[in-house]
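give me a model of this one.
(one chain, ligands or ions: 1)
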Amino acid sequence: MSGPTRGWLSAAGIASGFSPCPVPLRGRDRSRPYTRMATLTSNLSPLTSFANLLHISYMEYIKSKIRDVNDFPKKGIVFKDLTTVFKDAKALHQIGEELAALYRDKGVTKVVGIESRGFIGGAIAAFELNAGFVPVRKPGKLPADTLQASYDKEYGKDVIEIHRDAINEDDVVVIHDDVLATGGTMAAAYNLVKSMNPKKIYINFIIELSALDGRRNLPAEAEVTSLIVC
Ligand code: AMP
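Residues are numbered from 1 along each chain as shown. Here you go, the predicted structure:
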């Protein structure tokens with residue numbers, strides 16, 4: 001079994017056990033998603049420690065708004081529902097702040113959001129970063145000339161599309177989706193964006209389901225960041 005369906009199924013296993021969902025710190029070790037609280041007390045200036053404590057409390061607030069829905073979309077699956085995060089003004093605002101803080105100094109010109117839940121965080125990030133927004137959509141939804149990428153699912157393949165003129169060689173791109181499960185969808189989106197030769201591509205998720213190790217399916221050269229790791 002591979003692709004998104006495996007993601008759904010395995011997520012059920014994770015969510016039924018204890019999942020601490022650590023929050024990556026600000027200021028150092030962003031690339032290490034499993035940083036724990038103990039790190040806060042060592043090697044950091046008091047100011048950085050305080051900033052990290054504030055950051056953690058904001059992220060804990062966002063985490064507290066995630067709703068686990070059992071048996072959706074199939075029996076045995078635990079769905080990480082972010083509608084309960086997005087409907088909360090404080091949590092939604094904080095997601096914007098976090099995304100802006102992550103990419104503010106990177107010269108981002110376009111944020112690519114993956115249909116459909118990736119449109120929400122993606123559009124917020126684009127607004128915060130003064131960047132453009134580009135949708136990656138299911139086949140037949142985009143009106144003009146498109147590029148397509150296919151990826152494996154449990155049975156057969158799935159296809160996503162992007163407008164052929166969406167990205168150019170001067171762009172610095174963040175590709176955003178709500179949840180990293182197996183990584184199949186994001187890997188396909190990355191290939192689409194890469195084929196248009198932007199200067200740099202960053203990958204971002206709100207939630208990463210670490211037990212599925214979706215990162216192994218993402219390109220090694222990509223800088224991958226998740227706000228919350230479960
Ligand atoms: P992936 O397996 O990483 O390709 O995930 C495919 C898509 O399914 C992603 O866009 C996720 O948003 C979504 N997804 C997969 N598993 C879950 C889950 N447990 N909760 C919420 N969304 C999920």
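
going forward, measure contacts and count neighbours with C-alpha atoms only.
Will do.

list phi and psi for the spatially most central residue of the chain.
Central residue of the chain (Cα atoms, centre = their mean): residue 205, 1.0 Å from the mean position. Phi and psi for residue 205, reported as degrees, to the nearest 10, are phi -130, psi 160.

ok, it touching residue 177?
Yes: using Cα atoms under 8 Å, residue 205 is in contact with residue 177, at 5.1 Å.

chain neighbours aside, what residue packs nearest to the residue nearest to the centre of the chain?
Among residues not flanking residue 205 along the chain, residue 226 sits closest, at 4.6 Å (Cα to Cα, 6 or more residues apart in numbering).

how far away is that neighbour from residue 87?
Here the criterion is Cα to Cα, to the nearest Å. By it, residue 226 lies 20 Å from residue 87.

just residue 123 next, same as before
15 Å.

show me what the helix ranked longest in the chain is packed up against.
Counting residues, the longest helix found in the chain (DSSP state H) is helix 46-64. Where contact means 3 or more Cα pairs under 8 Å, 6 or more residues apart in numbering; DSSP states H and E, helix 46-64 is packed against helix 89-103, strand 223-229.

deepest-packed of these, please.
strand 223-229 (a mean of 22; mean count of other Cα atoms under 10 Å).

where do the strands sit along this structure?
67-70, 78-81, 110-114, 132-136, 146-152, 157-163, 172-180, 200-208, 223-229 (DSSP state E).

what packs against the third one?
Spelled out, it's strand 110-114. Against strand 110-114 (3+ Cα pairs under 8 Å, 6+ apart) you get helix 118-128, strand 132-136, strand 172-180.

the first one too?
Contacting strand 67-70 under the criterion 3+ Cα pairs under 8 Å, 6+ apart are the following elements: strand 78-81.

can you list the strands that the strand it packs on pairs with?
Strand 78-81 sits in its sheet next to strand 67-70 (antiparallel), going by DSSP bridges.

quick one: the partner strand near the ligand?
No: applying Cα under 6 Å from any ligand atom, one finds strand 67-70 separated from the ligand by no less than 8.0 Å.

that strand - what's its average pLDDT?
For strand 67-70, mean pLDDT is 96.

same check on stretch 84-92?
97.

who's the residue nearest to residue 63 when sequence neighbours are not counted bridged to?
Sequence neighbours aside, residue 228 is the residue nearest to residue 63 in space, at 7.5 Å (criterion: Cα to Cα, 6+ apart). As for beta bridges, residue 228 partners with residue 207 under DSSP bridges.

against residue 107, how distant is residue 228?
Separation of residue 228 from residue 107 (Cα to Cα): 23 Å.

residue 172 reaches residue 108, doesn't it?
Yes: under the criterion of Cα under 8 Å, residue 172 makes contact with residue 108 at 4.7 Å.

got the contact list for residue 94?
58, 59, 62 (Cα atoms under 8 Å, 6 or more residues apart in numbering).
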